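Asks: Quick one: sequence and predicted model below, then my questions.
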Amino acid sequence: MARTPWGRRRIDRRLREHWQRATGHKDWGDDRIGTLLEGLRLSYPSDLEVRRLAAIPPGVELLATEVEEAWNQPDSPFRHVHITLGLLESLNHVGLVHITKDDDGRGWLTVPEELHERLRSRWSASEEADWHEQLVHNAFLLLKPGDPWWSLPAGAGYWWRHLVWHLRYCDPAQAAALVTFPGWQIAKIQRLGAQSLLADLALVDSPESRETASVINEVMGGQEHGSQLDPGKRAELLRALSPGPAPLPRADADHHAGRRRSAVAGQPGGRQLAAVRGVLQLPRSTFGFALSPDGTWLVAVGDGGLVNVYDVETQDLRRMIRSPHDRLHNCAVSPDGSFIMTSAVGEKAQAWDAVSGEERLPFKVGTVGESVYGPDGMWVAYNSFTGSFVDPLTNERRGTKPTSKGMSHLALAADGSTLATRGRGRQVLLWDPRSGRLLAELPDQPHSVHRIGLAGDGSWIAFGGQYDLRVLELPSNRERFTLEQNGTRFATTEEWLAVPAAKRVQIRSTRTGELLDTLEAHTDVVLDCRASPDREHLMTFDRSGTLIVWDAAAIVP
């Protein structure tokens, strides 16, 4: 190992000479791009790595975290992506790559066309195909054995947008078959809209792809090809793209000698995909989120004191509101959807106009820990400073006197008859939300309670703790079942519970605890499940910041 500057320079020169002989290229060129690349003084391994950047779609703005997740190799100890992201930062520093950051800290990168062509020119055709093939293999690992490509998890946003881009370099025949197969076409429209499918079709020039693009444009006419179409137009488009059964395109996989060969895919999936109403990429440091009453937009809060409002259909950030606090823990949307309530620990709650983003005054609800909704616009918040249940709209106290302080984890029956809260540690209290009268104090639970769920009529109650999830009958306290698993972040509807389980969400019967279904739409560990106040939507949030909004009625067949 060389320990002197002279020795290191000699080794570096020999590696560079080896690379020049291996690739047939002496340098990066003598124009601006070549000069800047040469000025980075890349070593031989870095030279190889920087050429891999030619696999990134050029001229397209990509979320850096999605690139990182898609390029990591789950079945390999070698993680090229960390070197790749470091090279991207170096290229950004000299102006060859564009990296920008949102106010919420998310990074976006773009590889210009000119740089992409220069990097690609330093690959041989076989090297280029092999690297794209390795990346496609990463996508393949997200599928169950035998599943077709349109069964990719909803959270695999990079692959939904760019799978065809990579396939066309390593397996053009499979790319051509995929873009013209109804299963992929319908899944793309449901997931990202008609415009995304048109982008796929443009990558594969064939009579079939041109014919399909013509059908889409004819059906859509002059309408915007958004992610959510008019129901009539959408039905017409899906019918036009479903001419009848056809052979399934095959997903490639074989681990022999590091190569992938064709393996017949299973039956077309899509039932779970049809239940997805939106996939949003939130900051990873998100602590609270809430859906609007009409289900069209969502608000999220967390570190940085930002209140982000997203369009569920288009996945766009509608509005960004900056609060005076560094960290917001909770948020809620008023029953009429007109304003957003946010709260920070130990601070007075604030209200923001949902359209203009302006703070609404006066808003004197006080220090709010949590809030829940009931029938006919009922909204109950807990003022952690006074220990009172209050109406956030009027700040009127519900009940004649303050309750005991230090309560948390509110749950309200859909009929408004019963309000459940956690008291001290393992204590659970039941209240009349209209009068504030204490109805019952349940026996202390075996473990600390971190979340509570109630039946629509208050006939059963669910407790989520660090080690288990329990469901009891009310008022008898007879145990229905106990699940020995982490149940701290579950959500409830009348018929089922949604419980995080690693990268999946288990759907279990509220009557028996039986496993009814497993949602496999995330690509990272699921941290939280929440139901909308009307229980018509389920929201699931994972460690990478991906939030999926589901149609609750379509989850269980």
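Replies: That came through, no problem. Numbers count the residues shown, from 1 in each chain.
Asks: And for residue 405, the neighbour number?
Replies: Residues within reach of residue 405, counting by other C-beta atoms under 10 Å, total 13. To be clear about C-beta, it is placed using only N, CA and C from the backbone, and glycine gets the same treatment.
Asks: From residue 350, how far out is it?
Replies: Distance, residue 405 to residue 350, by C-beta to C-beta, to the nearest Å: 22 Å.
Asks: now do residue 372
Replies: For residue 372, the distance to residue 350 under the criterion C-beta to C-beta works out to 19 Å.
Asks: With residue 174 instead?
Replies: Relative to residue 350, residue 174 is positioned 53 Å away (criterion: C-beta to C-beta).
Asks: The two - which one has more neighbours?
Replies: More neighbours sit around residue 350 than around the other of residue 174 and residue 350, counting by other C-beta under 10 Å; the figures are 23 against 19.
Asks: What strand or helix carries the closest residue to the more buried one other than its chain neighbours?
Replies: Among residues not flanking residue 350 along the chain, residue 342 sits closest, at 5.4 Å (C-beta to C-beta, 6 or more residues apart in numbering). Counting by DSSP states H and E, the element that carries residue 342 is strand 339-343.
Asks: same for that strand, what does it pack against?
Replies: strand 306-311, strand 330-333, strand 350-353, strand 368-373 (3 or more C-beta pairs under 8 Å, 6 or more residues apart in numbering; DSSP states H and E).
Asks: Same list (the ones you listed) but as CSV, adding mean pLDDT and distance to residue 42.
Replies: Formatted as CSV, the helices and strands packed on strand 339-343 follow (pLDDT from 0 to 100; distance: least, C-beta to C-beta, whole Å):
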stretch, mean pLDDT, distance to residue 42
strand 306-311, 94, 37
strand 330-333, 94, 46
strand 350-353, 92, 48
strand 368-373, 88, 53
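Asks: Next one, pLDDT for residue 232 please.
Replies: Here, the pLDDT recorded for residue 232 equals 67.
Asks: Distance of residue 174 relative to residue 211?
Replies: For residue 174, the distance to residue 211 equals 19 Å [C-beta to C-beta].
Asks: How about residue 491?
Replies: 44 Å.
Asks: Repeat that for residue 87.
Replies: From residue 87 over to residue 211 (counting by C-beta to C-beta), the distance is 41 Å.
Asks: hmm, back to that, the residue nearest to residue 350 pairs with what?
Replies: Here residue 342 sits in beta bridges with residue 331, residue 350, going by DSSP bridges.
Asks: What separation do you get for it and residue 352?
Replies: 7 Å.
Asks: Find the residues that touch each one of these two.
Replies: Between them, residue 342 and residue 352 have residue 307 as joint contacts when contacts are counted by C-beta atoms under 8 Å, 6 or more residues apart in numbering.
Asks: more neighbours, those two?
Replies: Higher neighbour count among residue 342 and residue 352: residue 342, with 25 against 22, using other C-beta under 10 Å.
Asks: Could you tell me the per-residue confidence at the more buried one?
Replies: Residue 342 carries a pLDDT value of 94.
Asks: please renumber so the chain begins at 32
Replies: From this message on, residue numbering opens at 32, which makes the last subject residue 373.
Asks: residues contacting it?
Replies: Applying C-beta under 8 Å, 6+ apart, we find residue 373 in contact with 332, 338, 354, 359, 361-362, 380-383.
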